[in-house]
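> quick one: sequence plus predicted model below, questions after.
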Amino acid sequence: MTKANTPEEAELAKKKVELDILSQVLSEKELNIEELKLAVGQFQYRYFSEVGRKYVELDELLAQIADLKARKHPQNQELKQEAVTDRNQATNTKDEYEDIDIEPRQTH
């Protein structure tokens, strides 16, 4: 004879099925999150390697321009200060770019 399930046993069986379904959904969502993290990491690496390098170049050019202006007008203290400020900015940008440790993530 087959034993009839009590209402509690039937409810427990139903909840186990729901738990299994939700566990699968959670696993899929976790996989999606890992894929998104990988994509973001790859984007960050590409951004910093391409755009960051351009900012270094831009700040260096601005510093060179300010330096040339200051040398052309050696009595102009404002231009001298601008040259110093722009050189400091170029140095800071280069240091920040070189200190960034963004590596593309690998899948496991």
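Right, received. Where do you want to start?
> residue nearest the centroid of the chain?
Gln44 (4.4 Å; C-alpha atoms, centre = their mean).
> and that one, how far is that from Val51?
10 Å (C-beta to C-beta, to the nearest Å). To be clear about C-beta, it is placed using only N, CA and C from the backbone, and glycine gets the same treatment.
> what's the answer for Lys14, then?
According to C-beta to C-beta, Lys14 stands 54 Å off from Val51.
> do Leu19 as well
Distance, Leu19 to Val51, by C-beta to C-beta: 46 Å.
> which parts of the helix or strand where Ala90 lies count as buried, going by neighbours?
Element membership for Ala90, per DSSP states H and E: helix 77-99. Buried positions in helix 77-99, judged by neighbour count with 16 or more other C-beta atoms under 10 Å: Leu79, Lys80, Glu82, Ala83, Asp86, Arg87, Ala90, Thr93, Lys94, Tyr97.
> show me what that helix is packed against.
Packing partners of helix 77-99 (3 or more C-beta pairs under 8 Å, 6 or more residues apart in numbering; DSSP states H and E): helix 53-72.
> let me know the angle separating the helix it packs on from helix 77-99.
160 degrees (axes from the mean of the first three to the mean of the last three C-alpha atoms, to 10 degrees).
> what about helix 53-72, average pLDDT?
For helix 53-72, mean pLDDT is 97.
> kindly format the C-alpha coordinates of that helix as CSV.
The C-alpha trace of helix 53-72 is given here as CSV (Å, rounded to 0.1, in the frame of the first residue of the first chain):
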residue,chain,number,x,y,z
ARG,A,53,47.6,57.0,-22.4
LYS,A,54,46.0,59.8,-24.5
TYR,A,55,45.6,61.9,-21.3
VAL,A,56,49.3,61.4,-20.5
GLU,A,57,50.1,62.6,-24.0
LEU,A,58,47.7,65.5,-23.8
ASP,A,59,49.0,66.7,-20.5
GLU,A,60,52.6,66.4,-21.7
LEU,A,61,51.8,68.5,-24.8
LEU,A,62,50.1,71.1,-22.6
ALA,A,63,53.1,71.3,-20.4
GLN,A,64,55.4,71.7,-23.4
ILE,A,65,53.2,74.5,-24.8
ALA,A,66,53.2,76.3,-21.4
ASP,A,67,57.0,75.9,-21.1
LEU,A,68,57.5,77.4,-24.6
LYS,A,69,55.2,80.4,-23.8
ALA,A,70,57.1,81.0,-20.5
ARG,A,71,60.5,80.8,-22.3
LYS,A,72,59.3,83.2,-25.0
